[in-house]
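Asks: what's the 3D shape of this:
(one chain, ligands or ions: 2)
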Amino acid sequence: MARILTGIQSSGKPHLGNLLGAYLPAIEMSKKPENDSFFFIADLHSVTTIKEAEIRKQNTLATAAAWLAVGFDTDKNTFYRQSRVPEVCELTWFLACFTPIPMLENAHSYKDKLDKLGQGQKSKINAGLFAYPVLMAADIIGYDANFVPVGKDQKQHLEITRDIANSFNHQYGETFVVPEVKIDENIMVIPGTDGNKMSKSYGNIIDIFQTDKQLRKNVMAIVTDSTPLEEPKNPDTCNVFALYKVLGSPDQTAQLREKYLGGNYGYGHAKQELFELIIDRFGDVREKFAWLMEHPEDVEQKLQEGEDKARPVIRGVLDRVREKLGFERV
Ligand code: ADP
Ligand code: TRP
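Replies: Ligands and ions are numbered 1, 2, ... in the order given. Presented below is the predicted three-dimensional model:
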């Protein structure tokens, strides 16, 4: 059995890019009989940026509902909120004492923020953001994870995790499982409504979990050029086509390409086809998500069951650490 572990921050309502780039590939891995998956909501990490309680609660619910809506099997696997297994904070402390400062100074999470703000603005950066990779290391090491599927942007955090685990093992003998990063090179970067990478921070997302009417409006707002209706259009530079291509079958995509090249086919028509494709492809997922958002007590119950399964695992790891460091078990 290989243990697969991944977390998604509860920093927003999941969008189409998150679903195609993170949720669905992780679900595929979790379905393999040889994998035992720990998927969690990194709500403690979200405190580095989100300070409003109500927003975090809503985001956490939406993130959890998205995992369940895409079909995460919580009987076979383990599904939990990071914050509800607070042992991770104790492990973070121990790991922090084995983490050299320059390793954190070089971490993208901190460096990008510092670059954005400008040197000399360190007082605007909280220590939580600085220590972010240590909490992430505890998330992984604390559950004896073998493989961690993440996007390319998280690769460095995994290297930090491995360095910390190796350094501890080197001093105290085999204590931690050293995880391997699993970056699926086939995962595409999903473009947003303006053609840049879809991201909530760019305000260019497609939110598939809206009502039909809102979703249609969202799709109709995709940026297109001003080629007149009658003229042929270039599918390869069109933001609508780019999204259609990601979701449609090869046949559907080839047909749409023909329509673009043939002329007398407007962007409004293409947007309508994309809208219908999204509705078609995500009908079940959208329905399930909407239902779960109306029944937070069902989501809560699944999470609590997962938290009960997760706690003994990290307690076992902490017992090993405490023993090595000369602390009593608690
Ligand atoms: P955002 O960029 O909207 O803030 P996050 O950084 O919270 O999204 O990403 C959560 C997960 O979704 C990560 O695993 C990330 O790799 C994936 N993801 C985010 N945006 C995209 C995208 N446009 N295409 C593919 N995967 C994405
Ligand atoms: N930092 C990750 C992200 O923003 C989320 C995360 C937190 C995570 N802890 C993790 C991912 C542990 C994998 C494993 O995408």
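Asks: which of the three states applies to Y80?
Replies: In three-state terms, and counting by DSSP: H, G, I helix; E, B strand; the rest coil, Y80 is strand.
Asks: now it, nearest residue through space, not along the chain?
Replies: In space, and not counting its chain neighbours, Y80 is closest to G306: 4.1 Å by C-beta to C-beta, 6 or more residues apart in numbering. Placement of C-beta: from N, CA and C, glycine included.
Asks: avg pLDDT for the helix or strand harbouring the one you found?
Replies: G306 belongs to helix 296-325 when assigned by DSSP states H and E. Mean per-residue pLDDT for helix 296-325: 98.
Asks: okay, buried residues for that helix please.
Replies: 299, 302-303, 306-307, 309-310, 313-315, 317-318, 321-322 (16 or more other C-beta atoms under 10 Å).
Asks: stretch 193-205 now?
Replies: Going by 16+ other C-beta under 10 Å, stretch 193-205 has these buried residues: 193, 195, 198-200, 204-205.
Asks: most widely separated two among those?
Replies: For those, the farthest-apart pair by C-beta to C-beta is G195 and K200; their separation is 16.3 Å.
Asks: restrict the buried residues of helix 296-325 to contacts with ligand 1.
Replies: Checked against ligand 1 using C-beta under 6 Å from any ligand atom, these give no members in range.
Asks: show me which of those is closest to M136.
Replies: Among these, I314 lies closest to M136 (C-beta to C-beta), at 14.2 Å.
Asks: list the residues that contact the closest one.
Replies: Contacts for I314 (C-beta atoms under 8 Å, 6 or more residues apart in numbering) come out as 85, 87-88, 91, 142-143.
Asks: return the subset of these lying in strands.
Replies: Members of those lying in strands (criterion: DSSP state E): none.
Asks: ligand 2 contacts on the stretch 101-250 of the chain?
Replies: So far as C-beta under 6 Å from any ligand atom goes, the stretch 101-250 of the chain lies against ligand 2 at 136, 139-140, 148, 150, 154.
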